[in-house]
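Participant: Structure for the following, please:
(one chain, ligands or ions: 1)
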Amino acid sequence: MSANANRIPVPKLPESTRVAMEIYGASRGRFPGGDIIALGSGDPGFISADHIREAAKKALDAGETHYIRKGDLQEAIAEKMRTDNAINVHPGEGIVLAHGAHQAIFQAFTALVDEGAEVLLGSPGSYFESNTLVRRAVPVYIPLRPERNFRLDPTDVEARVTPRTRFLCITSPDAPTGAVQAREDLLKIAEIAQRHNLIVFSDELYEKINYGRIPHTSIASLPGMFDRTITINGLSKGWAMTGFRVGWACGPNHLMAPIHAIYHLNNISISSPAYWAGVAALRGPQDAVSEGTAIYARKMATLLDKVNAIPGLKAQFPDGTYYLWASIEGTNLDEISFTTIAQGEGVRVNPGTGFGPGGRGYVRLSCTPAENLIEEGTKRLARAAEKARSFASR
Ligand SMILES: Cc1ncc(COP(=O)(O)O)c(C=O)c1O
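Facilitator: The predicted structure is shown next:
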């Protein structure tokens with residue numbers, strides 16, 4: 001290491017980011033034996049559909065190796081937002097592309113969130129907390145409770161607004177809980193956002209993985225909300241395209257202008273094969289999207305049955321996403337110790353604290369693995385729970 005390297009100030013990582021990065025490192029196979037079953041993974045259980053992969057190959061063969069200046073993907077996104085989400089965005093000024101929804105959130109926060117601003121966010125949750133901390137803004141946690149199927153309670157939102165509150169984050173369907181925000185709650189939350197002049201970030205990446213009990217509503221489509229909402233979405237989950245890295249933020253031109261500047265600074269363009277694969281995903285046949293959700297629903301029912309049969313663990317069927325958010329309270333062990341024991345039994349689950357303080361006492365499971373891996377993985381989980389209970393009772 002050069003003499004200067006240890007003078008570089010390294011930002012302190014938020015707890016949730018640190019835990020999440022450890023899981024990611026672990027999922028790259030750093031463990032001996034190599035037969036650990038990943039039962040909490042965020043990667044879809046499928047590869048992208050044939051026509052999507054073909055489009056990427058075709059783009060390369062046609063010499064599409066330059067920065068992308070055309071607007072086909074932005075136009076396809078604007079069309080999707082209009083038909084699926086009842087949101088009218090300008091395909092040029094109203095959409096900023098990103099290497100995945102993750103980066104779309106990062107770009108939007110970099111452009112808009114100031115140091116010291118209070119940011120309301122549900123806990124447990126995904127990336128909004130880390131992005132808030134990286135901006136040196138202040139996360140204000142809204143507890144998400146099992147009694148409401150982990151949906152935001154508008155009363156809890158209102159109770160946490162202060163004169164310093166500038167932003168409100170919504171994730172629907174939510175990860176890791178699988179909650180889908182109901183339209184009637186979003187109407188109340190929209191009224192709060194307008195009365196307190198808040199900007200809303202709405203992450204809707206799992207929109208297509210919805211099990212049908214609560215229809216998807218985009219808060220930007222509600223009266224008075226378009227002008228103050230940045231909607232984040234992408235192709236990673238519904239279209240099983242995590243490796244392509246295609247996401248976007250969209251909203252009113254006045255909020256998108258600073259995000260465009262950040263995009264230009266750190267991206268210029270997304271990669272050309274991903275761009276054309278994205279056009280094919282949005283404009284091509286959609287059967288694989290709905291078939292994928294039907295398969296997840298079936299596998300989720302299996303996973304839920306097996307998890308609820310394990311003494312000490314408890315979960316409920318989610319309204320969306322492929323995650324099962326399981327309480328481990330009955331084992332009387334904390335989630336990090338439980339995860340470590342599970343790891344020793346050959347099954348990897350994600351400890352709840354990787355999703356912020358609201359994740360204590362929970363682990364995230366996923367129904368994306370093959371049926372036989374769900375079968376074997378839950379057997380190992382049962383052995384881990386038994387060990388955990390015997391540890392805790394000592
Ligand atoms: C709620 C949520 N938002 C965003 C992301 C990031 O997705 P992407 O792969 O498109 O960057 C994830 C990934 O798991 C997620 O769970």
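Participant: What is the neighbour count of residue 344?
Facilitator: Residue 344 has 13 neighbouring residues, counting by other Cβ atoms under 10 Å. C-beta here means a position set from N, CA and C on the backbone, and glycine is covered the same way.
Participant: for residue 36, same thing?
Facilitator: By other Cβ under 10 Å, the residues close to residue 36 number 21.
Participant: Let me see the confidence value for it.
Facilitator: For residue 36, the model assigns a pLDDT of 91.
Participant: Report the contact partners of it.
Facilitator: 343, 346, 347, 348 (Cβ atoms under 8 Å, 6 or more residues apart in numbering).
Participant: and what of residue 198?
Facilitator: Residues near residue 198 by Cβ under 8 Å, 6+ apart: 120, 161, 165, 166, 167, 168, 192, 228.
Participant: I'd like those residues laid out as a markdown table, including distance to the ligand, pLDDT and neighbour count.
Facilitator: Below are the contacts of residue 198 laid out as a markdown table (distance: Cβ to the nearest ligand atom, whole Å; pLDDT from 0 to 100; neighbours: other Cβ atoms under 10 Å):
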| residue | distance to the ligand | pLDDT | neighbour count |
| --- | --- | --- | --- |
| 120 | 16 | 98 | 29 |
| 161 | 23 | 98 | 17 |
| 165 | 22 | 98 | 20 |
| 166 | 21 | 98 | 18 |
| 167 | 16 | 98 | 26 |
| 168 | 16 | 98 | 30 |
| 192 | 22 | 98 | 17 |
| 228 | 20 | 98 | 21 |
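Participant: Helices - which of those land there?
Facilitator: Among those, the members falling in helices (DSSP state H) are residue 192.
Participant: how about the helices of the chain, start to end?
Facilitator: Using DSSP H, the helices of the chain run over residues 15-27, 50-61, 72-85, 101-112, 128-134, 154-159, 183-195, 253-266, 272-283, 287-308, 335-344, 371-392.
Participant: these two touch, right, residue 355 and residue 126?
Facilitator: Yes. Residue 355 lies in contact with residue 126 (Cβ atoms under 8 Å); the separation is 6.7 Å.
Participant: Looking at the helices of the chain, which is nearest to residue 39?
Facilitator: Closest to residue 39 of those, according to Cβ to Cβ: helix 371-392, at 4.1 Å.
Participant: Can you list the helices and strands that the closest one packs against?
Facilitator: strand 37-38, helix 287-308, helix 335-344, strand 347-348 (3 or more Cβ pairs under 8 Å, 6 or more residues apart in numbering; DSSP states H and E).
Participant: for it, which positions count as buried?
Facilitator: Under the neighbour-count criterion of 16 or more other Cβ atoms under 10 Å, helix 371-392 has 374, 376-388 buried.
Participant: Adding pLDDT and distance to the ligand, write the residues you listed out as TSV.
Facilitator: Below are the buried residues of helix 371-392 laid out as TSV (pLDDT from 0 to 100; distance: Cβ to the nearest ligand atom, whole Å):
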residue	pLDDT	distance to the ligand
374	97	19
376	95	24
377	96	19
378	97	22
379	96	26
380	95	23
381	96	21
382	97	27
383	95	28
384	94	24
385	95	25
386	94	30
387	92	29
388	86	26
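Participant: Now stretch 200-212: average pLDDT?
Facilitator: Computed over stretch 200-212, the average pLDDT equals 98.
Participant: if we look at stretch 236-243, which residues are touching it?
Facilitator: Residues contacting stretch 236-243 (Cβ under 8 Å, 6+ apart): 42-49, 52, 100-101, 205-209, 235, 244-247, 277-278, 281, 288-289, 292-293, 321-322.
Participant: what about dumping the CA coordinates of it to PDB?
Facilitator: Extracted in PDB, the C-alpha atoms of stretch 236-243 (Å, rounded to 0.1, in the frame of the first residue of the first chain):
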ATOM      1  CA  SER A 236     -33.900  -7.200 -13.500                       C
ATOM      2  CA  LYS A 237     -36.700  -9.000 -11.700                       C
ATOM      3  CA  GLY A 238     -39.900  -9.400 -13.900                       C
ATOM      4  CA  TRP A 239     -37.900 -10.100 -17.100                       C
ATOM      5  CA  ALA A 240     -35.200 -12.000 -15.300                       C
ATOM      6  CA  MET A 241     -32.400  -9.700 -16.600                       C
ATOM      7  CA  THR A 242     -30.300  -9.000 -13.500                       C
ATOM      8  CA  GLY A 243     -27.000  -9.600 -15.500                       C
END
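Participant: Okay, buried residues for it please.
Facilitator: Residues of stretch 236-243 classed as buried by neighbour count (16+ other Cβ under 10 Å): 236, 237, 238, 239, 240, 241, 242.
Participant: so which pair among those residues is furthest apart in space?
Facilitator: The largest separation in the buried residues of stretch 236-243, counting by Cβ to Cβ, is between 238 and 242 at 11.0 Å.
Participant: residues near residue 72, how many?
Facilitator: Residue 72 has 15 nearby residues by other Cβ under 10 Å.
Participant: Kindly export stretch 264-280 (C-alpha atoms) in PDB.
Facilitator: Extracted in PDB, the C-alpha atoms of stretch 264-280 (Å, rounded to 0.1, in the frame of the first residue of the first chain):
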ATOM      1  CA  HIS A 264     -23.900  11.900 -17.900                       C
ATOM      2  CA  LEU A 265     -21.100  12.200 -15.400                       C
ATOM      3  CA  ASN A 266     -20.900   8.500 -14.400                       C
ATOM      4  CA  ASN A 267     -22.400   6.700 -17.300                       C
ATOM      5  CA  ILE A 268     -22.800   8.500 -20.700                       C
ATOM      6  CA  SER A 269     -24.800   5.500 -21.800                       C
ATOM      7  CA  ILE A 270     -25.700   2.000 -20.700                       C
ATOM      8  CA  SER A 271     -24.100  -0.900 -22.600                       C
ATOM      9  CA  SER A 272     -25.300  -1.300 -26.200                       C
ATOM     10  CA  PRO A 273     -26.300  -5.100 -26.000                       C
ATOM     11  CA  ALA A 274     -28.200  -4.400 -22.800                       C
ATOM     12  CA  TYR A 275     -29.900  -1.500 -24.400                       C
ATOM     13  CA  TRP A 276     -31.200  -3.500 -27.300                       C
ATOM     14  CA  ALA A 277     -32.100  -6.500 -25.100                       C
ATOM     15  CA  GLY A 278     -34.100  -4.000 -23.100                       C
ATOM     16  CA  VAL A 279     -36.000  -2.800 -26.200                       C
ATOM     17  CA  ALA A 280     -36.800  -6.500 -27.000                       C
END
